[in-house]
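> Sequence first, predicted coordinates after that:
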Amino acid sequence: MGMVDVSEKPIIRRMAQAAGRIYLSAETIVTVREGKIKKGDPLQAAEIAAMNAAKQTHLLIPHCHQIPLETVRVDFEMSEDRVDATCLVRTHAKTGVEMEALVGVTMALNTIWDMVKYLEKDQKGQYPSTRITDIKVLKKEKQEV
């Protein structure tokens, strides 16, 4: 079986953007907005985590090729009950960057959860309403150079 052989494919410009969201309590959202999370700013930490994860996708997913990423951009939008995250990845390579974008956005959301979990737990240590959802590729582009 093995890894897909891309040696004969041309190097082209590639971009992928993935998105997802994490639902949090209104109280947690307010605490994030006020900058009072004990571990620091969860959005800043999530951005760094997403960039690191995207760059290491080939180590996490066995059939992914190591790709030289040219940019990883992570954006967040907060509402009353959730944080929406998007991760955009660009490169010039022989294969696409969808998995890098998906891994990036997923790690961003996991990092937010980790940083606010002390606020989200109920009295039994469970997370009754915290959830990560709607992880998907928003778009993928390929362009001959």
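That came in fine, so what should we check first?
> buried ones in stretch 82-102?
Going by neighbour count (16 or more other Cβ atoms under 10 Å), the buried part of stretch 82-102 is 82-91, 93-102. For glycine as for every other residue, the C-beta is placed from the backbone atoms N, C-alpha and C.
> Go ahead and measure how far it is from the middle of the chain.
8 Å (Cα atoms, centre = their mean, to the nearest Å).
> Could you do stretch 61-68 as well?
So, by Cα atoms, centre = their mean, the centroid of stretch 61-68 is 16 Å from its chain's centroid.
> In CSV, please show the C-alpha coordinates belonging to the lengthiest helix in the chain.
Criterion DSSP state H: the longest helix present in the chain is helix 98-120. Output in CSV follows, covering the C-alpha atoms of helix 98-120 (Å, rounded to 0.1, in the frame of the first residue of the first chain):
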residue,chain,number,x,y,z
GLU,A,98,-6.8,20.3,3.5
MET,A,99,-5.6,18.0,6.3
GLU,A,100,-3.3,20.7,7.6
ALA,A,101,-6.2,23.1,7.8
LEU,A,102,-8.4,20.6,9.5
VAL,A,103,-5.7,19.6,12.0
GLY,A,104,-5.1,23.3,12.7
VAL,A,105,-8.7,24.2,13.4
THR,A,106,-9.3,21.1,15.5
MET,A,107,-6.2,21.8,17.7
ALA,A,108,-7.3,25.5,18.1
LEU,A,109,-10.7,24.3,19.4
ASN,A,110,-9.1,21.7,21.7
THR,A,111,-6.8,24.3,23.1
ILE,A,112,-9.7,26.6,23.9
TRP,A,113,-11.5,23.7,25.7
ASP,A,114,-8.3,23.0,27.7
MET,A,115,-7.9,26.5,28.8
VAL,A,116,-11.6,27.0,29.9
LYS,A,117,-12.4,23.6,31.2
TYR,A,118,-12.3,24.6,34.8
LEU,A,119,-15.2,26.9,34.1
GLU,A,120,-17.2,24.5,32.0
